[in-house]
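Engineer: 3D model of this:
(2 chains)
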There are 2 protein chains.
Amino acid sequence: MNTQFKHNFGAGPCILPGLVLDRAAEAVKCWDEAGLSILEISHRSAPFENVVKQTESLVRELLNVPENYSVLFLQGGASMQFCMVPMNFLQGSNKAAVYIDAGYFGQKAIKEAGLFGNVNVLASSKERGYSDIPGGYVIPEDAAYFHCTSNNTIEGTEMFSFPNTNVPVVCDMSSDIFSREIDISKFDLIYAGAQKNTGPAGMTLVIAKNEFIDSVKHPVPSMLDYRVYRDNGSMYNTPPVFAIYTAMLNLQWLRDKGGLKVIEMENKAKAQLLYEEIDRNPLFYGSAAMQDRSLMNVTFRMYDKAQEAEFIAYAEKNGMVGIRGYRTVGGFRASLYNALPYESVKVLVACMKAYAEKHHANVEPAY
Amino acid sequence: MNTQFKHNFGAGPCILPGLVLDRAAEAVKCWDEAGLSILEISHRSAPFENVVKQTESLVRELLNVPENYSVLFLQGGASMQFCMVPMNFLQGSNKAAVYIDAGYFGQKAIKEAGLFGNVNVLASSKERGYSDIPGGYVIPEDAAYFHCTSNNTIEGTEMFSFPNTNVPVVCDMSSDIFSREIDISKFDLIYAGAQKNTGPAGMTLVIAKNEFIDSVKHPVPSMLDYRVYRDNGSMYNTPPVFAIYTAMLNLQWLRDKGGLKVIEMENKAKAQLLYEEIDRNPLFYGSAAMQDRSLMNVTFRMYDKAQEAEFIAYAEKNGMVGIRGYRTVGGFRASLYNALPYESVKVLVACMKAYAEKHHANVEPAY
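Structural biologist: Modelled structure (predicted):
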């Protein structure tokens, strides 16, 4: 096995802190006071019920979740939320749901919603290759809800402001939740697949205003009904025990680091370092509109596309993992999630500089 | 930490083989050739795609799955299947689905199906406290499908024969799949939450006849559409990576042990040992009808119910974990899943004998 340290820029499932991995591995071997593994304990046991409570309270503390919101743990990823949201809040309604079309996953959400009622796309950046967050729209007062994606993992754009509206706001925060401070009270329902900054794949976090989920009046299957999760403390059935446990470890790590204020500064510093090199280096350019550049997923390309494969090979040889852009987009994507060290970004930047120097002697050296 | 060896009779999540736990723990620390954890690798990477393929082929090999069936990995547990089955096969149909009401989980499945169309309960053992598998029913030729639960985890009953019918047969096999040989061709769709003999919580196995899932003609949300899982190799979205990986390890363990023929013999020997003691010991009696006694979940009581708490305390002091009956049922439940050693059953039986001797000197000693 090659044990050279790798710089994991993967888009998700993504890098997790070494300490979290060590503690999770230990728990798989032996966890409770009886000596059982976290994989073989009852989810109804007091120690595990305590894990769920602790995970919930870490979410509440880190994100400053108001008391009238529920914190729920589900399965199925954000993709299940693409149908669960309209099944609850659009089905049987005579209102239309309004969506922002700003990327691959938002588009999927729109498609699923269409099965349940009227959907209007308020704004789209599709014609611009999803290179920006579209603006200039007005949210109709009578919409069932407004849906947006706070960070577009594939395209590398991120929303830095959210609308003020009386219409319920639903947001897919899969790839930037826990990366920065956010005002939860501006949203009625937030969902996030865990496998970025929350924990391993297999768990979905939902933060929902109670008033909003209680507004559902038609029957919904139990496992697709937010109230059922709320009323049963996310334990209507067997939850994804290990994913919740590891999320707890990961959120503890984040809290011990200083929480969102500290991680947001670190994330900004990492993104700034990389974007500066992209803008400075004559071989590369950023894919996303300047004002909407994501702090989590940095997408970029080479002016000479024929060199991209060579640069990927060069970066991989130098310990980089996961910088290939999404298959339908091409180019590069460096994901800078919470657990990725600043050092890894420095190594990538050095790699870009060195590549430019080595392969293009006519390029002015930058250091 | 108390490191005394525990005999884990828990009903699920349940005991897993020590070897599987060790290998899973190792993978959480470091898994691929780049030195990354199984929790931080891309689900689209070749090594993980290979894990999914291997897990599928182990399921096919162990259960002798015919080629015209798909093997799918989902999330949400059996409870999600309670709604997903009728959403696909009952919704929009003018036929009725027919269900057997033989326990707590079957009842839940019936309730969810009622949201999607007409449901007829063909037979029920509710009035007998679900102490048997009800029989004597005729499956109407025009039913949308027939639904049964092969093993009732809470009540301790198990189906040892399945109907011959032209109507599609759907079976919840959560708690006895991989415990015995089964003729897959008698079923059109089998589902099972993983957290018994398959692997850790967080994954659902579905084995479905292609013809059956292709018979669905109305639109179904992607994440609730079996065809979407089939057509995308269970990777329409990020799957529960760790749960699938650990299931693969667990099924490898089962194959290396000799597969279902061997494990079925072992499981029968364990159940026989315990049922013999229950029948012999004057303090105890079995809860389930003799002919329907489960090989996986042995439910029993004491004639003197006032002594049950004392026996549980006595058993726990002697290293037994998880023998308390389900909260709505009471008494005892000893789950004898694949990974539970014969030795553990011997210890439980010795405990029952010793308790009877010690506390009831007038009981004839059995050994």
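Engineer: burial of the residue nearest to A:Pro168 when sequence neighbours are not counted, as a residue count?
Structural biologist: Leaving aside its sequence neighbours, A:Pro168 sits nearest to A:Asp188 (Cβ to Cβ, 6 or more residues apart in numbering or on different chains; 3.8 Å). (C-beta placed from N, C-alpha, C; glycine too.) Neighbour count of A:Asp188, defined by other Cβ atoms under 10 Å in any protein chain shown: 22.
Engineer: so what's A:Asp188 up against?
Structural biologist: By Cβ atoms under 8 Å, 6 or more residues apart in numbering or on different chains, the contact list for A:Asp188 reads A:Tyr145, A:Pro168, A:Val169, A:Val170, A:Ala208, A:Lys209, A:Phe212.
Engineer: which one of those sits closest to chain B?
Structural biologist: For the contacts of A:Asp188, the closest approach to chain B (Cβ to the nearest Cβ) belongs to A:Val170, at 16.1 Å.
Engineer: hang on, that closest one in a strand?
Structural biologist: Yes: the assignment for A:Val170 by DSSP: H, G, I helix; E, B strand; the rest coil puts it in a strand.
Engineer: Could you chop chain A up by domain?
Structural biologist: Split into domains by automatic domain parsing, chain A comes to A:18-257, A:259-359.
Engineer: B:Gly35: which of those is closest?
Structural biologist: domain A:259-359 (9.5 Å; Cβ to Cβ).
Engineer: Please work out the average pLDDT along that closest one.
Structural biologist: What domain A:259-359 shows for mean pLDDT is 96.
Engineer: chain center to that domain, what's the gap?
Structural biologist: Here the centre of domain A:259-359 is set off from its chain's centre by 18 Å, with Cα atoms, centre = their mean, to the nearest Å.
Engineer: Okay, now the unreliable bits of chain A?
Structural biologist: Applying pLDDT under 70 to chain A flags residues A:1-4, A:360-367.
Engineer: any idea where the helices of it begin and end?
Structural biologist: In chain A, the segments counted as helices under DSSP state H are A:18-29, A:46-63, A:77-89, A:104-113, A:210-213, A:226-231, A:241-257, A:259-280, A:308-317, A:342-359.
Engineer: Can you add mean neighbour count and distance to B:Lys270 and give those helices back as TSV?
Structural biologist: Output for these, formatted as TSV (neighbours: other Cβ atoms under 10 Å in any protein chain shown; distance: least, Cβ to Cβ, whole Å):
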stretch	mean neighbour count	distance to B:Lys270
helix A:18-29	20	25
helix A:46-63	17	26
helix A:77-89	25	38
helix A:104-113	21	46
helix A:210-213	17	45
helix A:226-231	19	36
helix A:241-257	23	25
helix A:259-280	17	50
helix A:308-317	15	51
helix A:342-359	18	51
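Engineer: Could you export those helices as CSV, including distance to chain B?
Structural biologist: Shown next, in CSV, are the helices of chain A (distance: least, Cβ to the nearest Cβ, whole Å):
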stretch, distance to chain B
helix A:18-29, 4
helix A:46-63, 9
helix A:77-89, 3
helix A:104-113, 5
helix A:210-213, 18
helix A:226-231, 10
helix A:241-257, 5
helix A:259-280, 17
helix A:308-317, 9
helix A:342-359, 13
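Engineer: ok, so of the contacts of A:Asp188, who is nearest A:Gly325?
Structural biologist: The nearest member of the contacts of A:Asp188 to A:Gly325, counting by Cβ to Cβ, is A:Val170 at 27.9 Å.
Engineer: wait, that closest one sits on A:Leu189?
Structural biologist: Yes: judged on Cβ atoms under 8 Å, A:Val170 makes contact with A:Leu189 at a distance of 4.7 Å.
Engineer: Spit out the contact partners of the residue nearest to A:Ile15 when sequence neighbours are not counted.
Structural biologist: What sits nearest to A:Ile15 in space, not counting adjacent residues and going by Cβ to Cβ, 6+ apart, is A:Asn8, at 4.1 Å. A:Asn8 makes contacts with A:Cys14, A:Ile15, A:Val321, A:Gly322, A:Leu340, A:Ser344, B:Leu36, B:Glu40, as judged by Cβ under 8 Å, 6+ apart.
Engineer: Bridged to A:Asn8, which residues?
Structural biologist: Taking DSSP bridges, one obtains A:Val321 as the residues bridged to A:Asn8.
Engineer: How much space separates it from B:Gly35?
Structural biologist: 10 Å (Cβ to Cβ, to the nearest Å).
Engineer: which parts of the stretch 101-250 of chain A sit against chain B?
Structural biologist: Proximity of the stretch 101-250 of chain A to chain B, by Cβ under 8 Å from any Cβ of the partner chain, involves residues A:108, A:111-112, A:115, A:193, A:195, A:200-203, A:219, A:221-224, A:236-243, A:246.
Engineer: out of the residues you listed, which are buried?
Structural biologist: Those of those that meet the buried threshold are A:108, A:112, A:115, A:193, A:195, A:200-203, A:221-224, A:236-243, A:246, by 16 or more other Cβ atoms under 10 Å in any protein chain shown.
Engineer: was I right about A:Arg180 contacting A:Glu264?
Structural biologist: Yes: look at A:Arg180 against A:Glu264 with Cβ under 8 Å: they come within range, at 4.2 Å.
Engineer: quick one: common contacting residues for A:Val170 and A:Leu189?
Structural biologist: With contacts taken as Cβ under 8 Å, 6+ apart, A:Val170 and A:Leu189 have A:Val85, A:Phe89, A:Tyr145 as neighbours in common.
Engineer: Next up, the contacts around the closest residue in space to the last one that isn't next to it in sequence.
Structural biologist: By the measure of Cβ to Cβ, 6+ apart, the closest residue to A:Tyr145 outside its immediate chain neighbours is A:Pro168, 4.2 Å from it. Each residue near A:Pro168 by Cβ under 8 Å, 6+ apart is listed here: A:Phe89, A:Ala144, A:Tyr145, A:Phe146, A:Asp188, A:Leu189, A:Lys209, A:Phe212.
Engineer: Look up how far A:Thr157 lies from A:Ser294.
Structural biologist: On the measure of Cβ to Cβ, A:Ser294 and A:Thr157 end up 6 Å apart.
Engineer: Now do the shared contacts for the two.
Structural biologist: Each of A:Asn151, A:Ala288 lies in contact with both A:Ser294 and A:Thr157 under the rule Cβ under 8 Å, 6+ apart.
Engineer: For the most centrally placed residue in chain A, give me its contacts.
Structural biologist: The residue lying closest to the centre of chain A (Cα atoms, centre = their mean) is A:Ser175, at 1.2 Å. Neighbouring residues of A:Ser175 by Cβ under 8 Å, 6+ apart: A:Ala11, A:Gly12, A:Asn151, A:Asn152, A:Thr153, A:Ala192, A:Lys196, A:Asn197, A:Met296, A:Asn297.
Engineer: Next, give me the two most distant ones among the residues you listed.
Structural biologist: With distances taken as Cβ to Cβ, the most widely separated pair in those is A:Asn152 and A:Asn197, at 15.5 Å.
Engineer: Just to check, A:Ala11 is in contact with A:Asn297?
Structural biologist: Yes: if you go by Cβ under 8 Å, A:Ala11 and A:Asn297 touch, sitting 6.3 Å apart.
Engineer: what's the overlap in contacts for the two?
Structural biologist: Residues within reach of A:Ala11 and of A:Asn297 at once, by Cβ under 8 Å, 6+ apart, are A:Thr153, A:Ile154, A:Ser175, A:Arg333, A:Ser335.
Engineer: returning to that earlier point: just send the contacts of A:Asn8 back as JSON lines, with distance to B:Arg301 too.
Structural biologist: What follows is the contacts of A:Asn8, written out as JSON lines (distance: Cβ to Cβ, whole Å):
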{"residue": "A:Cys14", "distance to B:Arg301": "50"}
{"residue": "A:Ile15", "distance to B:Arg301": "52"}
{"residue": "A:Val321", "distance to B:Arg301": "57"}
{"residue": "A:Gly322", "distance to B:Arg301": "56"}
{"residue": "A:Leu340", "distance to B:Arg301": "56"}
{"residue": "A:Ser344", "distance to B:Arg301": "60"}
{"residue": "B:Leu36", "distance to B:Arg301": "50"}
{"residue": "B:Glu40", "distance to B:Arg301": "48"}
